[in-house]
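got a structure for you, letters missing:
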């Protein structure tokens with residue numbers, strides 16, 4: 001090897017050795033983890049977000065087919081047998097009975113084909129109200145749940161910020177209650193004398 005070639009070879013080796021460590025072929029590939037930005041809400045920003053594009057009255061065509069529970073006898077029988085998840089037949093559904101003491105007073109139905117809606121009926125099978133959730137998954141935040149009466153008029157809006165933080169408004173946008181953990185606050189931000197379990 002002549003001296004000229006040795007010199008060029010030596011310079012190439014030196015350049016490789018002193019190459020910055022952050023060169024592409026030395027970089028270790030790391031997975032980028034995106035962190036969700038935590039949004040803080042005031043009563044006003046929660047109200048604006050919760051009522052964004054909300055219809056205060058729904059057309060009867062939306063709920064007319066559900067004014068009476070067409071599976072009333074079957075649902076009542078299943079509730080009495082404590083069989084609350086019906087996966088067989090043409091209408092898979094979940095049932096949610098409500099009691100006042102030991103007296104059965106009402107029940108909800110969530111059909112698997114439309115999990116974002118829960119229909120609530122009195123003990124006689126007549127529609128009382130229905131709830132629309134903008135996300136059927138309970139671990140997604142923020143999300144909004146709208147409650148309409150049996151005439152399709154908005155009666156309640158619940159805005160879920162997290163599992164422990166939620167705002168409840170009436171259909172006109174007035175704050176009913178703001179839950180933070182187990183504590184409740186009224187529309188003036190004053191602590192109320194009620195608690196809840198989470």
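Yep, that arrived. In this text, all values refer to a predicted model and were calculated from it rather than measured experimentally.

low-confidence ranges in this structure?
Across the chain, the ranges flagged by pLDDT under 70 are 1-38.

what ranges does it have for its helices?
3-18, 43-50, 60-63, 72-80 (DSSP state H).

residue 178: what's it in contact with?
43, 46, 166-168, 184-186 (CB atoms under 8 Å, 6 or more residues apart in numbering). Any C-beta I mention is one placed from the backbone N, CA and C, and that applies to glycine too.

cutoff 7 Å now
Residues near residue 178 by CB atoms under 7 Å, 6 or more residues apart in numbering: 43, 167, 185.

wait, which of these is closest to residue 79?
Closest approach between these and residue 79, by CB to CB: residue 167, at 31.6 Å.

what sits against that closest one?
Residue 167 makes contacts with 43, 46, 50, 159, 175, 178, as judged by CB under 7 Å, 6+ apart.

just the buried ones from these?
46, 50, 159, 175, 178 (16 or more other CB atoms under 10 Å).

for residue 69, state which of the contacts of residue 178 is nearest.
Nearest to residue 69 among these is residue 167, at 30.9 Å by CB to CB.

roughly how far apart are the closest one and residue 196?
Note on residue 167: its distance to residue 196, by CB to CB, to the nearest Å, is 14 Å.

same question, residue 154
24 Å.

more neighbours, these two?
residue 154 (21 against 11; other CB atoms under 10 Å).

what's opposite that one in the beta bridge?
Beta-bridge partners recorded for residue 154 (DSSP bridges): residue 148.

identify the residues contacting it.
In this structure, residue 154 makes contact with 54, 56, 146, 148, 171, judged by CB under 7 Å, 6+ apart.
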